[in-house]
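Participant: Build me a structure from this.
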Amino acid sequence: MKKATHLFLFFVFAFSFSHAQYTWNNVGSGMSAPVSSLAADTTNHILYAGGIFNQAGGSPAIGIAKWEGTSWSPLGSGVVSGTAVSSLFFDGTDLIAGGTFTNIGGVLSKNIARWNGAAWSPLGAGLENSGLTSVDAITVYNNELYAGGFFSNSGGSPLNFIAKWDGSNWLPVGTGTNGRVLSLCVYNNELYAGGTFTDAGGVPVKNIAKWNGITWSDVGGGVFYTGATTVSTMKTYASELYVGGTFSDAGTTAVHNLARWNGATWSDVGGGTQYTGATTVSTMLNFNNSLIVGGSFDSLGTTGSNNVGSWDGSSWSTLGSGTNNSVLALESLGDTLYAGGVFTSADAILTPFIAEWMPASNTAITTSADEMEFPPVRVYPNPVYDHLYIKSNTETINKNTVYNFALYDLLGSKVYERLNVKEEIRFDRSIVPSGLYIYKITDSKNSIYKQGKLSFK
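Facilitator: This next block holds a predicted model:
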């Protein structure tokens with residue numbers, strides 16, 4: 001009976017771990033206003049957030065801030081003159097920020113600028129327009145930086161809604177488009193631009209077009225809607241290009257704000273998104289072998305999902321109970337997914353305008369002491385400044401019960417391990433460099449009992 005109970009508990013735990021191991025949490029105390037863009041420096045484990053906020057974590061940070069695992073901090077003096085940072089792109093060494101501003105960090109920069117980790121600098125004459133101006137999308141194609149948005153020139157030189165940077169100047173991309181470019185993505189060695197436009201390089205298109213480095217061309221008849229149409233986001237997943245926004249048709253295929261392109265034909269994505277009000281897909285991200293989709297919706301296909309969900313190539317899944325308002329940006333660092341937007345809560349947890357979807361720090365199994373498969377273990381403190389303690393309450397279980405402890409960096413490399421532990425580990429934090437780590441506690445059968453994040457200071 002005891003062996004059967006152990007087996008039952010193992011399967012209950014395995015099911016719970018695989019399906020409910022992630023939870024929504026706040027990121028510090030969040031922001032003072034919506035977050036519209038996110039980018040990650042995976043080498044130094046820094047998350048960058050842009051938006052219309054003036055505080056991050058309760059401290060001054062105007063339009064842009066960075067999160068290094070435990071606290072928010074500004075990037076210089078942030079947006080000095082302007083309204084928002086709406087696009088972010090990390091090129092491997094520097095952060096490129098685009099939006100609606102003319103001065104960032106005290107530097108004259110017209111709507112796009114570079115942060116090298118210490119100071120801001122302009123990118124040439126920037127990108128501007130006679131009226132409303134915004135840089136909404138940034139990416140790299142053929143080793144050149146491209147930007148899309150709502151702009152018409154750089155220092156007086158004509159540019160129609162899309163431009164490329166040669167290291168000194170902004171140059172036109174053919175003759176550009178006749179409307180706003182909201183998203184950029186590289187697929188099959190071509191640059192795809194999405195937004196709200198009907199012409200690209202003189203070629204009739206419908207809100208999406210592709211650039212091969214020389215000419216523009218249509219994408220299977222494009223995507224459209226009887227009302228206002230936008231292509232707000234694009235992402236490659238499972239060898240296809242996924243396109244999201246506000247539209248009802250992709251080529252000759254009926255869709256719901258989300259479609260996929262295989263290089264030749266359009267197809268539906270599990271019924272797309274639905275909402276009782278205005279529906280849109282604003283952002284997408286590859287995470288844990290799935291495509292995460294965020295926006296304004298209350299269902300994905302036939303699955304109820306509040307503003308965020310996961311597609312595995314054939315079906316939809318929820319991320320907890322989602323958020324209470326729109327998700328505008330997604331990014332990941334290690335095993336953690338970050339969402340930014342207009343929402344103020346996720347899973348009914350207070351998360352002002354930004355939240356993290358991360359492994360639960362503890363998964364409990366309720367059973368009697370003599371039937372317990374896994375020892376109750378405490379891991380503290382967090383953050384770790386001096387010593388980390390891992391303690392098992394051996395007074396309530398058989399003295400022969402053991403557990404294993406392992407510590408991994410965010411690339412998945414094991415940096416520390418102790419096997420067959422009966423009581424306590426006292427871990428000197430100087431053994432590993434400062435930063436974020438993942439710990440796992442397993443039983444003698446290598447079944448995970450507990451896992452989570454630890455910050456070493």
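Participant: for stretch 93-112, which positions count as buried?
Facilitator: For stretch 93-112, the neighbour count (16 or more other Cβ atoms under 10 Å) marks 95-101, 103-105, 109-112 as buried. C-beta here means a position set from N, CA and C on the backbone, and glycine is covered the same way.
Participant: okay, those residues in TSV with secondary structure next?
Facilitator: Shown next, in TSV, are these (DSSP: H, G, I helix; E, B strand; the rest coil):
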residue	secondary structure
Leu95	strand
Ile96	strand
Ala97	strand
Gly98	strand
Gly99	strand
Thr100	strand
Phe101	strand
Asn103	strand
Ile104	strand
Gly105	coil
Ser109	coil
Lys110	coil
Asn111	coil
Ile112	strand
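Participant: Any chance of TSV for those residues, columns pLDDT and distance to Trp216?
Facilitator: Output for these, formatted as TSV (pLDDT from 0 to 100; distance: Cβ to Cβ, whole Å):
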residue	pLDDT	distance to Trp216
Leu95	98	29
Ile96	98	24
Ala97	98	27
Gly98	98	22
Gly99	98	26
Thr100	98	26
Phe101	97	29
Asn103	97	34
Ile104	97	31
Gly105	96	35
Ser109	96	29
Lys110	97	26
Asn111	98	23
Ile112	98	22
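Participant: Out of these, flag the one nearest to Ala39.
Facilitator: Nearest to Ala39 among these, counting by Cβ to Cβ, is Leu95 at 6.4 Å.
Participant: so what's the residue lying closest to that closest one once chain neighbours are set aside up against?
Facilitator: Excluding the flanking residues, the one nearest Leu95 by Cβ to Cβ, 6 or more residues apart in numbering is Trp115, at 4.3 Å. Listed by Cβ atoms under 8 Å, 6 or more residues apart in numbering, the contact partners of Trp115 are 75-76, 94-97, 105.
Participant: what's the answer for Gly149, then?
Facilitator: Neighbouring residues of Gly149 by Cβ under 8 Å, 6+ apart: 87, 98, 111, 127, 133-137, 161, 180-182.
Participant: cool, and Thr252?
Facilitator: 221, 266.
Participant: can you tell me which helix or strand the spatially most central residue of the chain belongs to?
Facilitator: Geometric centre of the chain, nearest residue: Glu331, 1.5 Å, by Cα atoms, centre = their mean. Assessed by DSSP states H and E, Glu331 sits inside strand 327-333.
Participant: Could you check how far Ser267 is from Ser87?
Facilitator: 28 Å (Cβ to Cβ, to the nearest Å).
Participant: Name the residue in these two with the higher neighbour count.
Facilitator: Ser87 (28 against 13; other Cβ atoms under 10 Å).
Participant: ok, what's across the strand from that one?
Facilitator: Under DSSP bridges, the beta-bridge partners of Ser87 are Gly98.
Participant: I'd like the distance between it and Gly320.
Facilitator: 27 Å.
Participant: What of Glu68?
Facilitator: Distance from Glu68 to Gly320, by Cβ to Cβ: 25 Å.
Participant: again with Thr139
Facilitator: With Cβ to Cβ as the criterion, Thr139 and Gly320 are 30 Å apart.
Participant: And these two? Which one has more around it.
Facilitator: Set side by side, Thr139 and Gly320 show more neighbours around Thr139, with 21 against 18, by other Cβ under 10 Å.
Participant: Helix or strand: which one has that one?
Facilitator: If you go by DSSP H and E, Thr139 is part of strand 134-141.
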